[in-house]
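J.: compute the structure for the input listed below.
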Amino acid sequence: MILYCEKCGQRLSAEDVQAGRASALCAKCLQAQSGAKVLHSQGGAKAPHSQSGAKAPHSKAAAAQASSARWLVTAGISAAGLGLLLLALTMLRSHKAGARRADQPSAQAKQPVPHSGTAAAPSPKAEQPPQAKPDAATAGPAKAEAQPAGGAKSRPATDDYDPRALVASSLLDQAKRCLQEHPEDLWTYREKLQEVPARFPGTPGAAEAARLLAQTPEPKPDPNLPGEEAWKRAVNLLALANPERDSLGRWTKNQGALASSGEKEERLSLPYIPPEEYDVRIVFSRSVSNEAMGVGLVRDGRAFAFVVSGWDNVATGFEIIQGKRAQDLPSSCKTRGLIQNGRRYTLVLQIRRECLRAYLNNRLVSECRPASQDLSSFTEQEMFKFKPGQLGIATWYSPYEFQQIEVLEVTGKGKVLTGE
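T.: You can find the predicted model right below:
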């Protein structure tokens, strides 16, 4: 306990406290007070200022100083307590931040926390030198962190990554499976092999496909197909075509080829009335899209058609037979993607009394034996409204180019129409 003199306000010494002076006066003030009492007692009268009133001013001043001192002590204690509290809060926040960084090492690696100028390092690890990067054999976790957001797959880190080679290898595997499942269908097998170098040249898959093609014998031509010597007698319908007079849509002739625009359904009537039996040979290609091409045909005066790559590149066959279109007839070829953009195809259609046959690149794709009265034309579409009795070609919202259109007369004599 700290005591102060009530008269002069000075702090009492330890000797005063140990001496047991309860007057709350220091030794100097106590001695002075004792001397004053002696003088008053000798004069026979009490000093007027010996009462408490004389020392009241001094007591108030001392009390004020004591109160001020006590306030300073209390304030010092409070400031020290507040400092300790702030220090405790700072240490708690640092501990929590260190725990979060320990639970999420990948996030810490991606977004390092900058060092603070007022806080100590959270752990001794911050002072360690940087570790060496792992080699490729142990870089699994690092690759996992490098994955892009949203679950998207990232490109492999190897320098030899080539998506073209991957697709070519997939097409090559499809060709091999086709041969295993249908060993008798060499046409389809060869076509699938030819597709690999045509689309992805320079890849390992293309080289392997070329090697397999050289080892695979070509299928024997169908004996019903005429040879090139016979086609020398054919009528060149491409030379007779007149787009300005006989077409629907926008057709162009350039360097001996005939092309449709692909803007809508387009048709072109060919100025020729075929004989009773005949063959039609058409060499064509499609640049973009996957829509159909059609050929207008006639037998016994009844119009019908042959559709290539109809119904989203799925159905190829003759129509209309007994009211059914190509997609609904079992005689049609239902191979999806039979026609590939950018490739040239040769279509041969054989119109006979007893049957109808279609060959695509020497492969039989459709054959049927309808009666003439069962044949009809789908006149609900503008593309098949050819001039009566005439042959024609049509396209459906796809640009086609025709490099060759000719007719080989088998039975009877056809008629070339001029100026009509």
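J.: and residue 321, how far is that from residue 313?
T.: Distance, residue 321 to residue 313, by C-beta to C-beta, to the nearest Å: 21 Å. From N, CA and C alone the C-beta is placed, and that goes for glycine too.
J.: residue 206 too?
T.: Per C-beta to C-beta, residue 206 is found 23 Å from residue 313.
J.: ok, residue 213 next?
T.: Noted for residue 213: a distance of 24 Å to residue 313, by C-beta to C-beta.
J.: look at the two and report which has more neighbours.
T.: Per other C-beta atoms under 10 Å, whichever of residue 213 and residue 313 has more neighbours is residue 313, with 21 against 16.
J.: strands of the stretch 301-420 of the chain, start to end?
T.: Assigned by DSSP state E, counting those that start in this stretch, the stretch 301-420 of the chain shows strands spanning 302-309, 315-319, 344-351, 356-360, 363-368, 392-396, 400-411, 415-416.
J.: what's the closest of those to residue 294?
T.: strand 392-396 (4.3 Å; C-beta to C-beta).
J.: now do that closest one: which elements does it pack against?
T.: Packing partners of strand 392-396 (3 or more C-beta pairs under 8 Å, 6 or more residues apart in numbering; DSSP states H and E): strand 265-269, strand 293-299.
J.: show me how the record splits the protein into domains.
T.: 1-46+54-99, 167-215, 228-416 (automatic domain parsing).
J.: run through the stretch 51-200 of the chain and note the low-pLDDT ranges.
T.: Within the stretch 51-200 of the chain, the ranges that satisfy pLDDT under 70 run 51-81, 88, 92, 94-159.
J.: now do the contacts for residue 408.
T.: Applying C-beta atoms under 8 Å, 6 or more residues apart in numbering to residue 408 gives the contacts 226, 230-231, 233-235, 278-281.
J.: three-state assignment of residue 282?
T.: strand (DSSP: H, G, I helix; E, B strand; the rest coil).
J.: show me the helices in this protein, by range?
T.: For the chain, the helices defined by DSSP state H occupy 14-18, 27-43, 52-103, 105-110, 140-145, 163-181, 186-199, 204-215, 228-231, 237-240, 243-246, 310-313.
J.: about what we covered before: residue 375 is nearest to which of the helices and strands packed on strand 392-396?
T.: Residue 375 lies closest to strand 293-299 among the helices and strands packed on strand 392-396, at 6.3 Å (C-beta to C-beta).
J.: contact partners of the closest one?
T.: By C-beta under 8 Å, 6+ apart, strand 293-299 touches 267, 269, 273-274, 276, 280, 282, 284, 286, 303-310, 347, 349, 351, 356, 372, 375, 377, 383-384, 386, 389-396, 398, 400.
J.: and the direction of that strand versus that of strand 265-269, what angle?
T.: Counting by axes from the mean of the first three to the mean of the last three C-alpha atoms, to 10 degrees, strand 293-299 lies at 40 degrees to strand 265-269.
J.: neighbouring strands - and their directions - for strand 293-299?
T.: Paired with strand 293-299 in the same sheet, following DSSP bridges, are strand 302-309 (antiparallel), strand 392-396 (antiparallel).
J.: any chance of the ones you listed in JSON lines, plus mean pLDDT and distance to residue 201?
T.: As requested, those are exported to JSON lines (pLDDT from 0 to 100; distance: least, C-beta to C-beta, whole Å):
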{"stretch": "strand 302-309", "mean pLDDT": "95", "distance to residue 201": "24"}
{"stretch": "strand 392-396", "mean pLDDT": "94", "distance to residue 201": "29"}
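J.: just put the ones you listed in JSON lines and tack on distance to residue 167.
T.: Listed next are those as JSON lines, based on distance: least, C-beta to C-beta, whole Å:
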{"stretch": "strand 302-309", "distance to residue 167": "22"}
{"stretch": "strand 392-396", "distance to residue 167": "28"}
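J.: sorry, back to before: for the contacts of residue 408, which one is nearest residue 171?
T.: Of all these, residue 171 sits closest to residue 281, with 29.0 Å by C-beta to C-beta.
J.: cool, thanks, talk later.
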